[in-house]
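Enquirer: Mind folding the following:
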Amino acid sequence: DESPPPAREGRPDSVRVGHANRPLPGYPLAMVVEPYLHPDLTLVTEGSSTRGPLSDRLTEAVDDLIPSIDGKELRRLLEARETQGPTSTPEGVAFPHAMSKEIDRTLIVAIRVLGGVDFGVPGHPRADLIFALFGSPSNPWNHVRLLARLARLMHTEEARQRMRAAKTAEALHQHLLEED
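Expert: Presented below is the predicted three-dimensional model:
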């Protein structure tokens, strides 16, 4: 069972608050992505016309860090999730994710895809910012909170533009940490 990441102190959004902006007892500090974002899992790569090659790239990226599950099974899980409902947004951002009891740690893969990837959703542009999340169903709230955090980070056009300006994986990683 993975322990929760360290919380950031001193941020206005760092605690859930109740009446009169007092912290509510028992509510955790705000989720941050940094503990789940390995520098080797931040990429800038060429696009493809479909999700298939992206799924392959995602599973290759986490292969060494999640050896407890086969890459083909990870790809199957990503594709199965996508059939339940789109993970892309009208802003050109996608949040593919998969959970399996064989995944022993939570990881985020951040990719800027030059040219974007068609997620097959009418009305959505090709997604060029991809934030894939892999986790365990034994910790579903962690998974949901990370997805919500990533969505909040990409909520503004300014934040998306900063990510899209990244020319290297290192710059993308740094921009994401700064947004977080």
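Enquirer: what about the residue nearest in space to the middle of the chain, distance to T87?
Expert: Centroid-nearest residue in the chain: F131, 3.4 Å away (criterion: C-alpha atoms, centre = their mean). When distance is defined by C-beta to C-beta, to the nearest Å, F131 is 9 Å away from T87. (C-beta placed from N, C-alpha, C; glycine too.)
Enquirer: what do the two both touch?
Expert: Counting by C-beta atoms under 8 Å, 6 or more residues apart in numbering, the shared contacts of F131 and T87 are A94, F95.
Enquirer: can you pull the contacts of V109?
Expert: Going by C-beta under 8 Å, 6+ apart, V109 touches L41, T42, L43, L58, A61, V62, I130, F131, A132, L133, F134.
Enquirer: do the same with H173
Expert: Taking C-beta under 8 Å, 6+ apart as the definition of contact, the neighbours of H173 are L37, P39, T42, A110.
Enquirer: mind checking the SS state of the last one?
Expert: When you say that, I think you mean A110. strand (DSSP: H, G, I helix; E, B strand; the rest coil).
Enquirer: is it in a bridge, and if so with what?
Expert: For A110, the beta-bridge partners under DSSP bridges are T42, F131.
Enquirer: measure it to V44 for me?
Expert: 10 Å.
Enquirer: where along the chain do the helices fall?
Expert: Secondary structure of the chain by DSSP state H: the helices cover 51-62, 71-84, 140-153, 157-164, 169-179.
Enquirer: With distance to G92 and mean pLDDT added, can I get those in JSON lines?
Expert: Converted to JSON lines, the helices of the chain look like this (distance: least, C-beta to C-beta, whole Å; pLDDT from 0 to 100):
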{"stretch": "helix 51-62", "distance to G92": "14", "mean pLDDT": "84"}
{"stretch": "helix 71-84", "distance to G92": "16", "mean pLDDT": "88"}
{"stretch": "helix 140-153", "distance to G92": "13", "mean pLDDT": "90"}
{"stretch": "helix 157-164", "distance to G92": "7", "mean pLDDT": "95"}
{"stretch": "helix 169-179", "distance to G92": "15", "mean pLDDT": "93"}
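Enquirer: most tightly surrounded among those?
Expert: Ranked by mean neighbour count under mean count of other C-beta atoms under 10 Å, those are led by helix 51-62, which reaches a mean of 20.
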